[in-house]
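Participant: Need the 3D shape of this:
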Amino acid sequence: MKKGISLVALIITIIVLIILTAAVVITGVNTPQNAQLAVFLNNITTVQEAVNIKMLNNMAKYATTDGDLEKYKWVGVIQGYTEANAENNDALPESVLQIDGKDVLSIDESLKNELSINEDELAKYFVMSTGQVYYEGFEYNGIIYYNKDSIVTATQGEENNETENNIADGIVINNLSADLDTFSTKIDVSFDVLRYYYRLNGGEWLPEGGTLDHNFTIDNLDSETAYTIELKAVDSLGTEIISNVYQTTTLNQATNGLYCVQKGVNSPKLDTGMTAVYWDANGNEIRQYNDEVLNLNFVYNDWYDYASYKDELGNDKLFNTDNTTSKWANAVTDDGSYWVWIPRYAYSIGTGYHTNISSPIEIEFMKGTTSETALGRTTFQNELGQENWNIHPAFSYNDGTENILPGIWVAKYEMSNNGTKAVSVPGVNSWRSITIANCFTNSLSINPGLQSHLIRNSEWGAVAYLAQSKYGRNGIEVGMNSSNFITGVSLTQSTTGNRYGVFDMNGGAWEYAAAGLSASVSNTFGSANAKYYDAYTSYGDRYGDAVYETSTSTAGSTSWYSDYSTFITSSYPFFARGGSYSDASISGLFSFSYYSYEGYSSISFRSVLWGAP
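Facilitator: This next block holds a predicted model:
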């Protein structure tokens with residue numbers, strides 16, 4: 001998400017720009033002049049649409065719960081008005097001249113450069129503080145015209161003129177549950193309209209009898225529900241023009257970490273510098289933003305779906321039946337790193353608890369940062385024990401006070417070195433031969449504003465448990481990355497069995513975790529960073545970390561799927577997870593081993609983002 005955009009604003013307040021492109025056909029005896037008119041109408045329509053779209057992109061790009069969209073919408077529209085001006089709440093520049101008695105402003109050169117109109121001609125276009133485009137003066141039949149509205153109205157009644165008209169109106173959808181201002185956009189309508197209407201989901205045209213105002217505010221809508229919206233305009237002869245159907249599913253999902261009823265999980269929390277991403281059926285990447293411009297074809301409903309594997313009757317398929325249909329949410333940060341959202345959940349382990357035999361892990365997703373699951377569970381043991389229900393500890397940290405996270409962003413791949421910093425990208429050598437202290441430091445420096453850090457044991461466990469559940473591979477072991485430390489090689493190595501999961505957790509390289517014996521982690525990472533590491537005193541002193549609950553002893557290969565299980569000691573006080581590609585069957589999501597401080601050629605690391613505090 002670019003420049004601090006909070007999609008709460010797009011959920012709660014949606015600007016719908018519905019345009020049926022105007023095609024003007026002019027006939028008559030004065031053909032040269034009418035040809036000039038057609039060119040002028042085409043040019044002024046092009047400039048107006050460019051201004052409208054730029055404003056719409058700005059509203060999406062800079063939308064915040066407390067920002068002033070009225071100022072931000074002008075960035076890149078008015079010459080000399082920059083992002084810094086908007087941030088400072090500066091007034092708009094002084095008018096450069098008056099056209100037809102109206103104060104107008106110069107259009108930004110960068111916006112003009114996007115248009116295929118002669119440079120000298122473009123210099124004659126300006127914009128009012130209402131957003132309407134004005135022209136220095138176009139003469140037609142002895143009259144000077146300055147904007148599209150006036151000349152289109154004047155030519156409506158001309159003999160032999162036939163005009164196919166357009167609707168380009170604004171709808172604002174405002175959810176009253178949020179304390180946000182409603183805003184609307186008034187955009188050109190190029191014929192003599194007497195009444196305007198809208199309708200939702202193909203229902204009745206509203207308001208009854210229509211309205212002269214073509215800006216609608218629609219209240220009492222659920223931001224988590226999809227709607228279809230249409231506009232209708234009726235002229236003095238009763239001619240109806242109906243817009244295309246607009247589907248709100250492209251803009252109706254939260255990205256603020258709040259619980260999403262439609263999806264049944266906490267929505268992915270996108271912070272500054274993060275862009276949502278998914279893949280189409282052909283494997284092509286679809287990003288929420290392309291070069292900082294909102295992709296209006298990005299369908300939020302296609303972004304993620306933490307789905308269990310269903311049979312033809314809609315029942316969950318049996319455990320040990322591979323589920324490759326779940327789509328965990330993915331995002332890309334400005335440095336090109338890929339991250340996967342693990343939403344907050346509670347879990348319970350049954351028959352496989354503290355054994356070497358894998359079993360189902362029951363998962364219920366939590367509602368936001370509350371103590372209630374999506375299924376209504378409110379009682380938890382939050383301690384070791386077979387069939388206990390625990391809110392997973394990966395979604396909290398203590399920095400003097402207890403902080404609850406709606407979810408965490410886990411690096412999609414083992415970290416690599418791009419020459420400047422640690423990044424999470426596929427198809428490269430993972431970063432190895434690095435001490436655990438440097439793994440910790442490099443992780444902290446990835447994005448301090450988003451609280452980046454080396455993965456804790458609890459966070460590793462959160463990914464492993466979700467992968468084991470029906471929302472991951474449903475009891476099928478995640479495939480091993482048997483390449484020579486190359487990241488993200490095969491979909492079978494994903495925690496979802498498809499593009500949407502976390503890769504390289506089985507094989508590839510061992511991965512240092514920010515976890516170890518209490519004195520060692522405190523001395524190595526610093527007591528001031530205690531929220532970023534797990535300090536152990538003994539085997540079995542905690543839950544949720546895929547150690548005690550999923551193994552039987554501190555030595556050997558006694559973890560689920562016969563994964564390696566060697567607990568830390570005073571000589572080797574730090575944890576590494578996942579195993580190496582050369583370890584064959586003992587590597588896996590439930591594998592853990594002990595290591596010392598040094599850097600090893602077979603150990604890499606993985607980072608996590610908590611997001612802005």
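
Participant: Can you give me the pLDDT of residue 223?
Facilitator: Residue 223 is assigned a pLDDT of 49 by the prediction.

Participant: same deal with residue 37?
Facilitator: 75.

Participant: now swap in residue 301 and tell me
Facilitator: pLDDT at residue 301 comes out at 80.

Participant: mind checking the SS state of it?
Facilitator: The three-state assignment at residue 301 reads helix, by DSSP: H, G, I helix; E, B strand; the rest coil.

Participant: low pLDDT regions in the stretch 1-150 of the chain?
Facilitator: Judged by pLDDT under 70, the stretch 1-150 of the chain has its weakly predicted residues at 1-35, 60, 63-69, 149-150.

Participant: ranges for the helices of it?
Facilitator: 8-12, 31-61, 69-72, 83-87, 109-112, 119-122, 148-155 (DSSP state H, counting those that start in this stretch).

Participant: buried set for the longest one?
Facilitator: Counting neighbours by 16 or more other C-beta atoms under 10 Å, one finds that the buried residues in helix 31-61 are 34, 37, 40-41, 43-61. For the C-beta atoms, the positions are set from N, CA and C on the backbone; glycine is no exception.

Participant: the strands in the stretch 101-250 of the chain, which residues?
Facilitator: Along the stretch 101-250 of the chain, counting by DSSP state E, counting those that start in this stretch, strands occupy 102-106, 125-127, 133-135, 138-140, 143-145, 161-164, 168-174, 193-200, 206-211, 215-218, 228-235, 240-242, 246-247.

Participant: My error: substitute the stretch 451-600 of the chain in the last question.
Facilitator: In the stretch 451-600 of the chain, the strands defined using DSSP E, counting those that start in this stretch lie at 453-454, 510-517, 534-536, 574-577, 592-595.

Participant: Using a markdown table, lay out those strands together with mean pLDDT, distance to residue 111 and mean neighbour count.
Facilitator: Formatted as a markdown table, those follow (pLDDT from 0 to 100; distance: least, C-beta to C-beta, whole Å; neighbours: other C-beta atoms under 10 Å):
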| stretch | mean pLDDT | distance to residue 111 | mean neighbour count |
| --- | --- | --- | --- |
| strand 453-454 | 98 | 41 | 27 |
| strand 510-517 | 98 | 47 | 27 |
| strand 534-536 | 98 | 52 | 22 |
| strand 574-577 | 98 | 51 | 28 |
| strand 592-595 | 98 | 56 | 23 |
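
Participant: To residue 82, which of those lies closest?
Facilitator: strand 453-454 (34.3 Å; C-beta to C-beta).

Participant: Can you give me the separation between residue 424 and residue 349?
Facilitator: As for residue 424, its distance to residue 349 is 29 Å (criterion: C-beta to C-beta, to the nearest Å).

Participant: Next: residue 380.
Facilitator: 14 Å.

Participant: out of the two, which sits in the busier spot?
Facilitator: Higher neighbour count among residue 380 and residue 349: residue 349, with 24 against 14, using other C-beta atoms under 10 Å.

Participant: for that one, phi and psi?
Facilitator: phi -110, psi 130 (degrees, to the nearest 10).

Participant: Could you report the separation of the closest residue to residue 458 other than its chain neighbours from residue 542?
Facilitator: Excluding the flanking residues, the one nearest residue 458 by C-beta to C-beta, 6 or more residues apart in numbering is residue 394, at 4.3 Å. Separation of residue 394 from residue 542 (C-beta to C-beta): 11 Å.

Participant: Counting neighbours, go ahead and name the busier of the two.
Facilitator: Higher neighbour count among residue 394 and residue 542: residue 394, with 28 against 21, using other C-beta under 10 Å.

Participant: gap between the more buried one and residue 256?
Facilitator: 20 Å.

Participant: Check what pLDDT residue 321 gets.
Facilitator: Residue 321 is given a pLDDT of 88.

Participant: Actually, residue 539.
Facilitator: Listed pLDDT for residue 539 reads 98.

Participant: check contacts around residue 481.
Facilitator: By C-beta atoms under 8 Å, 6 or more residues apart in numbering, the contact list for residue 481 reads 487, 489, 490, 493, 503, 504, 506, 507, 508, 581.

Participant: pLDDT and neighbour count added to these, as CSV?
Facilitator: What follows is those, written out as CSV (pLDDT from 0 to 100; neighbours: other C-beta atoms under 10 Å):
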residue, pLDDT, neighbour count
487, 98, 26
489, 95, 20
490, 95, 12
493, 97, 24
503, 98, 28
504, 98, 31
506, 98, 27
507, 97, 25
508, 97, 30
581, 95, 21
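
Participant: Generate JSON lines for these, with distance to residue 261 as supplementary columns.
Facilitator: Output for those, formatted as JSON lines (distance: C-beta to C-beta, whole Å):
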{"residue": "487", "distance to residue 261": "36"}
{"residue": "489", "distance to residue 261": "37"}
{"residue": "490", "distance to residue 261": "35"}
{"residue": "493", "distance to residue 261": "33"}
{"residue": "503", "distance to residue 261": "30"}
{"residue": "504", "distance to residue 261": "33"}
{"residue": "506", "distance to residue 261": "34"}
{"residue": "507", "distance to residue 261": "38"}
{"residue": "508", "distance to residue 261": "37"}
{"residue": "581", "distance to residue 261": "42"}
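
Participant: The closest residue to residue 555 other than its chain neighbours - how many residues pack around it?
Facilitator: Using C-beta to C-beta, 6+ apart and skipping the chain neighbours, the partner closest in space to residue 555 is residue 566 (5.5 Å). Other residues near residue 566 come to 22 when the count uses other C-beta under 10 Å.

Participant: Residue 566 and residue 416, how far apart?
Facilitator: 27 Å.

Participant: Also residue 585?
Facilitator: For residue 585, the distance to residue 416 - C-beta to C-beta - is 26 Å.

Participant: Show me which of the two is the more surrounded one.
Facilitator: Each of residue 585 and residue 416 has its neighbours counted (other C-beta under 10 Å); residue 416 has more, 21 against 14.

Participant: Who are the contact partners of the more buried one?
Facilitator: 422, 423, 424, 425, 428, 429, 430, 431, 487.

Participant: Cross the residues you listed against strands and list the overlap.
Facilitator: Using DSSP state E, the members of those that fall in strands are 422, 423.

Participant: Out of the contacts of residue 416, grab the one that's most surrounded.
Facilitator: Within those, neighbour counts (other C-beta under 10 Å) peak at residue 424, which reaches 29 neighbours.

Participant: I figured residue 360 hits residue 469, correct?
Facilitator: Yes - counting by C-beta atoms under 8 Å, residue 360 touches residue 469, with 7.2 Å between them.

Participant: Counting neighbours, go ahead and name the busier of the two.
Facilitator: A count of neighbours by other C-beta under 10 Å puts residue 469 above the other of residue 360 and residue 469, at 23 against 19.

Participant: Contact partners for that one?
Facilitator: 347, 360, 361, 362, 363 are the contacts of residue 469 under C-beta under 8 Å, 6+ apart.

Participant: what's around residue 543, how many residues?
Facilitator: Residue 543: 22 neighbours (other C-beta under 10 Å).

Participant: Give me the distance between the nearest residue to it once chain neighbours are set aside and residue 566.
Facilitator: Counting by C-beta to C-beta, 6+ apart, residue 543 lies nearest to residue 384, which is 5.0 Å off, once chain neighbours are set aside. From residue 384 across to residue 566, the span is 20 Å (C-beta to C-beta).

Participant: what about the helices in the stretch 401-550 of the chain?
Facilitator: Using DSSP H, counting those that start in this stretch, helices in the stretch 401-550 of the chain cover 436-444, 457-468, 518-525.

Participant: Give the bridge partners for residue 342, please.
Facilitator: Beta-bridge pairing of residue 342 under DSSP bridges involves residue 408.
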